[in-house]
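> Structure for this input, please:
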Amino acid sequence: IKDSQSQYWPILRIPDDIFRDRSRSGPLFTALLSAYRQKASSSWRSFDFTSPKRFDDNIALLRRIEKDLTAAGFLHRPIIYFDSTVPKSRKAGLINIAEKFGASVVTDHTKATHVVASDPEFDLEEDILEEERKEKEGVDVEKMYLRTVVLVDPAKEIATGAGGKKKTGAGSSHPMALVHWWFWPSSYD
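Modelled structure (predicted):
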């Protein structure tokens, strides 16, 4: 998008838990209301996320959603503490990235919501450079870690339908898990 003013605007993915609460006072309602208010004030006929001409408008829309979710208390930016184990050669760049995406950096670990530390056994400089090279080439990184967030057994009764009748899960009859991939935002879950 050659003429775009916003191609370098940092935008974070909207966390997936925003889409889970579908109540009238919840974050999904707030995000949709924000989108429709932006649409009305911009006199758009429809949402169009594929048009290069609307790229700046779409970034403005996402910014408004982000602002409204933050104002309503549904979206919180991290407060990051960088441990002394983080190499000084990487720390300045990491602080720059964190601040660019709206995070705060603190010098007291008790005030932090996230602590960044380096493990010399796993965070060797040459390993980090090799993984970055592989990612740029589109090769899967060998180390993938995950944790289970929710277990769902579709064969069991999972919800109460109209009239108090029980409904069972649709689709697979095998238990499923929602997992969180370490080092990736929750929107990848």
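> how about low-confidence regions in the protein?
Applying pLDDT under 70 to the chain flags residues 1-10, 122-123, 140-144, 154-174, 186-189.
> what's the longest helix seen in it packed up against?
Criterion DSSP state H: the longest helix present in the chain is helix 55-71. The criterion is 3 or more C-beta pairs under 8 Å, 6 or more residues apart in numbering; DSSP states H and E, and the helices and strands that helix 55-71 contacts are helix 27-41. Every C-beta, even on glycine, is put in place using the N, C-alpha and C of the backbone.
> which strands and helices sit next to the helix it packs on?
Taking 3+ C-beta pairs under 8 Å, 6+ apart as the contact cut, helix 27-41 packs with helix 55-71.
> tell me how far the helix it packs on is from the chain's mean position?
Chain-centre distance of helix 55-71: 14 Å, with C-alpha atoms, centre = their mean, to the nearest Å.
> Ok, stretch 80-100 next?
20 Å.
> Using CSV, write down the CA coordinates of it.
Provided in CSV are the C-alpha atoms of stretch 80-100 (Å, rounded to 0.1, in the frame of the first residue of the first chain):
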residue,chain,number,x,y,z
ILE,A,80,6.7,-4.9,31.5
TYR,A,81,9.8,-5.3,33.6
PHE,A,82,13.0,-6.4,31.9
ASP,A,83,15.0,-8.7,34.2
SER,A,84,18.8,-8.2,34.5
THR,A,85,19.3,-11.4,32.6
VAL,A,86,18.1,-9.8,29.3
PRO,A,87,21.2,-8.9,27.3
LYS,A,88,21.8,-5.1,27.1
SER,A,89,22.3,-5.4,23.4
ARG,A,90,18.7,-6.6,23.0
LYS,A,91,17.0,-4.7,25.8
ALA,A,92,16.9,-1.3,24.1
GLY,A,93,15.3,-2.8,21.0
LEU,A,94,12.8,-4.7,23.1
ILE,A,95,11.8,-1.6,25.1
ASN,A,96,11.3,0.3,21.9
ILE,A,97,9.0,-2.4,20.5
ALA,A,98,7.1,-2.6,23.8
GLU,A,99,6.5,1.1,23.9
LYS,A,100,5.6,1.3,20.3
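> which outside residues touch that stretch?
10, 78, 103-109, 111-120, 125 (C-beta atoms under 8 Å, 6 or more residues apart in numbering).
> Okay, and which of those residues map to strands?
104-106, 114-116 (DSSP state E).
> Buried ones among those?
Neighbour-count burial (16 or more other C-beta atoms under 10 Å) is assigned, among the ones in strands among the contacts of stretch 80-100, to 105, 116.
> okay if I get the ones in strands among the contacts of stretch 80-100 as CSV plus distance to Asn58?
Below are the ones in strands among the contacts of stretch 80-100 laid out as CSV (distance: C-beta to C-beta, whole Å):
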residue, distance to Asn58
Ser104, 27
Val105, 29
Val106, 33
His114, 29
Val115, 34
Val116, 31
